[in-house]
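Peer 1: My questions concern the predicted model and sequence given below.
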Number of protein chains: 4
Amino acid sequence: MIFTSDNWAGAHPDIARALSDHSGGFAAAYGASDLDRAVERRFSELFETEVAVFFVGTGTAANSLALASAAKPGGVAFAHHQAHIIADECGAPEFFSGGGRLAAVDGGHGKIDPENLEMTIARYPAEFVHAGQPVAVSITQATESGTVYSTDEIRRISAIAEKHHLPLHMDGARFANALVALDVSPAEMTIASGIDMLSFGGTKNGCWCAEALIVFDPGKAEQLPFLRKRGAHLFSKSRFIAAQFAAYLHDDLWLRLAGHANRMADQMRQAITLASDARLAWPSQTNEVFAILPQDTAAGLRHHGAQFYDWPVPKDCGAIAPQEVLVRLVTSLATTPQEIDSFASHLR
Amino acid sequence: MIFTSDNWAGAHPDIARALSDHSGGFAAAYGASDLDRAVERRFSELFETEVAVFFVGTGTAANSLALASAAKPGGVAFAHHQAHIIADECGAPEFFSGGGRLAAVDGGHGKIDPENLEMTIARYPAEFVHAGQPVAVSITQATESGTVYSTDEIRRISAIAEKHHLPLHMDGARFANALVALDVSPAEMTIASGIDMLSFGGTKNGCWCAEALIVFDPGKAEQLPFLRKRGAHLFSKSRFIAAQFAAYLHDDLWLRLAGHANRMADQMRQAITLASDARLAWPSQTNEVFAILPQDTAAGLRHHGAQFYDWPVPKDCGAIAPQEVLVRLVTSLATTPQEIDSFASHLR
Amino acid sequence: MIFTSDNWAGAHPDIARALSDHSGGFAAAYGASDLDRAVERRFSELFETEVAVFFVGTGTAANSLALASAAKPGGVAFAHHQAHIIADECGAPEFFSGGGRLAAVDGGHGKIDPENLEMTIARYPAEFVHAGQPVAVSITQATESGTVYSTDEIRRISAIAEKHHLPLHMDGARFANALVALDVSPAEMTIASGIDMLSFGGTKNGCWCAEALIVFDPGKAEQLPFLRKRGAHLFSKSRFIAAQFAAYLHDDLWLRLAGHANRMADQMRQAITLASDARLAWPSQTNEVFAILPQDTAAGLRHHGAQFYDWPVPKDCGAIAPQEVLVRLVTSLATTPQEIDSFASHLR
Amino acid sequence: MIFTSDNWAGAHPDIARALSDHSGGFAAAYGASDLDRAVERRFSELFETEVAVFFVGTGTAANSLALASAAKPGGVAFAHHQAHIIADECGAPEFFSGGGRLAAVDGGHGKIDPENLEMTIARYPAEFVHAGQPVAVSITQATESGTVYSTDEIRRISAIAEKHHLPLHMDGARFANALVALDVSPAEMTIASGIDMLSFGGTKNGCWCAEALIVFDPGKAEQLPFLRKRGAHLFSKSRFIAAQFAAYLHDDLWLRLAGHANRMADQMRQAITLASDARLAWPSQTNEVFAILPQDTAAGLRHHGAQFYDWPVPKDCGAIAPQEVLVRLVTSLATTPQEIDSFASHLR
């Protein structure tokens, strides 16, 4: 009963097998192999347009390089205050951007509120050198609250970004979970909705270590090969990432795995809704479930082997009694229905 | 007949198997798993002292983080002009050091000349704020010229570093090849010879992607967890690196693989020495061989399927006639005696 | 009737004269002149302890170098959300800190609220590498709202900083105005209250261009000569700053000028209090006055030659009617009682 | 007899007077004053084209911002190994460029050798991400060896820069001295010879602190207001620099002062040529004279009050006997014929 994070899971057997299959033989290093090229083409098919693809090893690298490619002196990028780039990356985006700033935007359940975005951008007027200058907007899909922007919601954000001539980045560490939840195509959720750059994550959904920065207008990716290499994120045996992605994208494995994780979360949500001593903190749609439990119940669940994190209470969470606690429960490709049942049976 | 680089090889079957074996199950993320801890302990055993270990994905990351941990404003690090950090990392060490400088030191066949090191450090006198300040010395073992510093030679460098209160870093992208060539212990070649930080490379010698920054005095590694995370080099499923190292270090696999690569290079050196129309450019001791060939011969070899790079002629190389070319030939775990024989048969 | 900013004034005649007096003759460059040394000693007398002094040309430089000297990877410095370092320096502190973050702290009228400071620091727990690490606290004295921390209030902040082992920086762009308002000694308002570093500003109070970073424990200033030079802030003819400070500190000129500016503001406050169609937005104590006026009145004042800025309404400001506007009125050494009278006469 | 450096002189009386004249009254801050604008226009007249002008306080700032405006990830700028940016700025250009590299180019007497420049650029081939990418060339006029590039020589360098699409920067810390020596117009020595950016120095030639970065194509200066502010180099009372430049450029004061300094150096060169126990190390043309003296003679001169620096012997210097020393003698606006005579009388 491990619900701490989807990155506690290992790799899917198909991913491991792909690494074994490609381990023999020689191939050009630093991303020049046939396999690298083939997987890059696969991404272009997936997004229905010629994209520039940069394999990296961590989501933080993909995010940081995306923002670095948009950086200007005194630059300010806008993101939800819960965004991974703001809350969990130890200043990597700021470092890669040469000292750029991340301005936190408010909004319910992990999603940027468009009006608040406008207001926050307005604090950095173009003609006022003292404040710095806006350089990018970043949204997280699925969000850190387990919710998902609809394509309409993305378009509302991208209209604002476009108005201010700001590229729009999507942190897709849980891209597949969001895609399955929305039931749209990769292109619909990104380029067709105004996304300019995407951190496409594979690690949390069954890869060992496979992330890609996707740039939808390759003409704007000119400096990224240098940014990646300068960031020490160009792998010599790059095909070990390509091989993971090849298996990941083959025969819809990635969508099946995300679908499974989401379904496990649905069952978890249902169990919590039915339980008398627990309730959902807010409705999430992907593989992250947020629940309010009596502390005793949480302790009991842990006593029976469940692992999960207490979670800081956001201001848009419903009321929590003193003896209650907010917890986050994350499912993954490795979660089994039995684990959910077992968890549910310890709730009442 | 792939002699382009040892990073064109894939991964050893034992490494691939380790990844498969560990792909199931859950484990704490971000380096906190039991396997991560066990491999860290293994490194302490290997170096016969308690060391701090930081897994990263590229040698450039290990090198850059090492130098970043020694950085000061206006800092200058000293390395051989052929060093990877100077010639091949697109400014990563400078970037991670916040704009530090790499000062090139001369010396024959890839090794820093101690007198030249003293002379170069002297250009940055401590009391002169305008010039900046020395912060570190870095040597490459094995060197980019395929040679190896003896432990005496390392100690001569470390005495100078110590005199100037500079930490001494070793870029060990081909650490195993050097170790096998010298036939000393890991501790003898490092901490006992005055090395403070080591980039321990596994990738070029049979791993997919496994590098570690080893700090011999853990008390000096306080900022490295933050430097690594800020550099986007902390892997969530860090155990995928740990698993590779576990297999790599198990039962001396790493030494066997390096021994094999070195032996293949020995056979290559022998073949070149015996050939009438080729000669060694200088004597190397590890898995990199540098040869001077007639351009026709080089073309002929390539025609028969050999792949290798022409190499820029260093000033300490022997005379090269106009119709000749200097080439680099790199062997690896994946090189077979048949390939060497085949190569030799196309030489005269 | 120029109330836009105190940096619209020129230089006091004594300052200009000092520059003329010292313009002949030769002196050692880069801060090594007798005059530089003498002024440095003067600062030590002023603060009743041996201090390290670094002349720079802008307050932003002093602030940025102070924070740079405290920087660590993933570092987070805490300041009031109105602080100049957050609102007005185009990312300079972040840049000089190698990508550090400035975390905004709330509090009324420009002053950090101690509880909010504790809460904000708590978001960056020491053991949690993902969030980064706290590195410094910065307060502004006088604040951007024209208010002044009492020495008790400073001590409350410094106790928190000390508890978390964070150096405490004071942005003293309007140090003299605050000092005169509090009527304490320079030492009492700084080192005795727990301040570790001070940006001592002369420019806004009668100098052309004279700022100094004061470090109260010179042992902690070791890297500052390099940080300053690397920041391009070491002046060759440094004595032109020393000469300004010599005149500024001579015979209490600085206190007399700040006293004058504060008195002019007092008269302005009184005039506003007495006026029927204007009111103070909040009580300030130094040379910045914040008033709420009908837009018509503001327009009328401007029509009669008054210059001043509309000001963004902070959340702790009293209610403002739709047809009203918040304005900032800044007095300086160059403000005359006649200007205040004239301004008052155009109020009703 | 102060020949240490031209930055040991103070300011010319006209400069000091200008500061006094402008010290009263109010003016818009941060470069928006009428005087700032007027001096900017004066620069456009001077260079016979609309230029963008950025006042800063140090030559290091002008140089570093110029290079920062050309920076790219993994960027490499090329300059003579004696260049101030390489030898004397404590890593400021690297810092402002986000970790860029300065590649040293050889050439006699402080001037870049065109062939060596080509060779050095060739080490960074455009398609090779590992090496980084060329971003700029910088020349120093007058050079650190007191020599001057002819306009033909500048054009030879600019042709190479242009071929590689690299902007060409001129460090004009001693621009006036070079201009007077060449007897050409400011436009001829810069824009007409292919210069893209100029660090225009006033400080070494009679100002207290007045430097300007001139960009000849204002369309390429878009980021410089932010770069300057982020570097903490935007002065609030910017007109104190404008006032210095106004006086400096008025009625050819700058050319008269540089002409004087150069003439004093001519007399010094003549005296050394005539002396039996001294000789010129190489022929210089501006206000820096390099002489080889017996150590006894140098000691004797110092005994009689002469101040000057021993100088590191460059490889292109003539032979120096063991008991001899190379010294640098710098004249300035403040040097008198009597000082030269007195110096000459102590030579034999």
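Peer 2: Looks like it came in fine.
Peer 1: hey, let's count contacts and neighbours off CA atoms from now on
Peer 2: OK.
Peer 1: Quick check: phi and psi on the residue in the stretch 101-250 of chain A positioned nearest to chain C?
Peer 2: Of all residues in the stretch 101-250 of chain A, A:Gly132 sits closest to chain C, at 4.1 Å by Cα to the nearest Cα. Main-chain torsions, A:Gly132, degrees, to the nearest 10: phi 100, psi -170.
Peer 1: again, but for the one 3 residues further on
Peer 2: The phi and psi torsions at A:Val135 (degrees, to the nearest 10) take the values phi -130, psi -20.
Peer 1: I figured it hits A:Ala79, correct?
Peer 2: No. With contact defined as Cα atoms under 8 Å, A:Val135 does not reach A:Ala79; the gap is 11.5 Å.
Peer 1: related to what we said a few turns ago, so what's the residue count around the residue of the stretch 101-250 of chain A closest to chain C?
Peer 2: Counted by other Cα atoms under 10 Å in any protein chain shown, the residues lying close to A:Gly132 total 30.
Peer 1: ok, now how distant is A:Asp79 from chain B?
Peer 2: Just so we're on the same page, residue A:79 is Ala rather than Asp. 18 Å (Cα to the nearest Cα, to the nearest Å).
Peer 1: Likewise for A:Asn262?
Peer 2: 18 Å.
Peer 1: In the stretch 201-348 of chain A, which residue sits closest to chain C?
Peer 2: For the stretch 201-348 of chain A, Cα to the nearest Cα, closest residue to chain C: A:Pro312, 9.8 Å.
Peer 1: Spell out which parts of the stretch 1-150 of chain A neighbour chain D.
Peer 2: A:72-74, A:98, A:129-130, A:132 (Cα under 8 Å from any Cα of the partner chain).
Peer 1: tell me which of these is nearest to A:Ala242?
Peer 2: Of all these, A:Ala242 sits closest to A:Gly98, with 29.3 Å by Cα to Cα.
Peer 1: tell me the SS of that closest one?
Peer 2: Secondary structure state of A:Gly98, per DSSP: H, G, I helix; E, B strand; the rest coil, is coil.
Peer 1: Give me the neighbour count for it.
Peer 2: For A:Gly98, using other Cα under 10 Å, the count is 30.
Peer 1: Do you know the pLDDT at A:Cys317?
Peer 2: Per-residue confidence (pLDDT) for A:Cys317: 85.
Peer 1: who touches the nearest residue to it once chain neighbours are set aside in this structure?
Peer 2: Counting by Cα to Cα, 6 or more residues apart in numbering or on different chains, A:Cys317 lies nearest to A:Ala281, which is 6.2 Å off, once chain neighbours are set aside. A:Ala281 is in contact with A:290-292, A:317-318, A:326, counting by Cα atoms under 8 Å, 6 or more residues apart in numbering or on different chains.
Peer 1: export those to CSV and tack on neighbour count and secondary structure?
Peer 2: Below are the contacts of A:Ala281 laid out as CSV (neighbours: other Cα atoms under 10 Å in any protein chain shown; DSSP: H, G, I helix; E, B strand; the rest coil):
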residue, neighbour count, secondary structure
A:Phe290, 24, strand
A:Ala291, 22, strand
A:Ile292, 27, strand
A:Cys317, 15, coil
A:Gly318, 12, coil
A:Leu326, 22, strand
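Peer 1: how near is the residue nearest to the residue of the stretch 201-348 of chain A closest to chain C when sequence neighbours are not counted to chain D?
Peer 2: In this structure, A:Pro312 finds its nearest non-sequential neighbour in A:Leu326, 7.2 Å apart by Cα to Cα, 6+ apart. Counting by Cα to the nearest Cα, the gap from A:Leu326 to chain D is 42 Å.
Peer 1: same check, this time on A:Asp310
Peer 2: For A:Asp310, the distance to chain D - Cα to the nearest Cα - is 39 Å.
Peer 1: Quick one: check stretch A:218-228 for contact with chain C.
Peer 2: No. On the criterion Cα under 8 Å from any Cα, stretch A:218-228 is out of touch with chain C, staying 16.0 Å away.
Peer 1: Alongside chain B, which residues does the stretch 201-348 of chain A contribute?
Peer 2: Residues of the stretch 201-348 of chain A lying near chain B (Cα under 8 Å from any Cα): A:203, A:208-209, A:226, A:229-237, A:240, A:334.
Peer 1: Looking at the residues of the stretch 1-150 of chain A next to chain D, which is nearest B:Arg302?
Peer 2: A:Gly98 (44.4 Å).
Peer 1: Which pLDDT does the model give that closest one?
Peer 2: 97.
Peer 1: Contact partners for it?
Peer 2: For A:Gly98, the contacting residues are A:68, A:71, A:73, C:95, C:98-99, D:98, by Cα under 8 Å, 6+ apart.
Peer 1: would you turn those residues into a markdown table with distance to A:Leu255?
Peer 2: Shown next, in a markdown table, are the contacts of A:Gly98 (distance: Cα to Cα, whole Å):
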| residue | distance to A:Leu255 |
| --- | --- |
| A:Ala68 | 30 |
| A:Ala71 | 33 |
| A:Pro73 | 40 |
| C:Phe95 | 41 |
| C:Gly98 | 40 |
| C:Gly99 | 37 |
| D:Gly98 | 40 |
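Peer 1: need the longest helix for chain A.
Peer 2: helix A:253-274 (DSSP state H).
Peer 1: ok, so what distance separates the residue of the stretch 201-348 of chain A closest to chain C from A:Ile272?
Peer 2: 19 Å (Cα to Cα, to the nearest Å).
Peer 1: and chain A, what are its domains?
Peer 2: Per the record, chain A has its domains at A:11-252, A:253-346, by automatic domain parsing.
Peer 1: Most tightly packed of those?
Peer 2: Ranked by average neighbour count under the criterion mean count of other Cα atoms under 10 Å in any protein chain shown, those are headed by domain A:11-252 at a mean of 23.
Peer 1: quick revisit: quick check, the residue of the stretch 101-250 of chain A closest to chain C in contact with A:Pro73.
Peer 2: Yes. Between A:Gly132 and A:Pro73 there is a contact at 7.5 Å, judged by Cα under 8 Å.
Peer 1: tell me the contacts of the closest residue to A:Ser158 other than its chain neighbours?
Peer 2: Closest residue in space to A:Ser158, ignoring its immediate chain neighbours: A:Gly194 at 5.3 Å, by Cα to Cα, 6+ apart. Shown in contact with A:Gly194 (Cα under 8 Å, 6+ apart): A:154-155, A:158-159, A:168.
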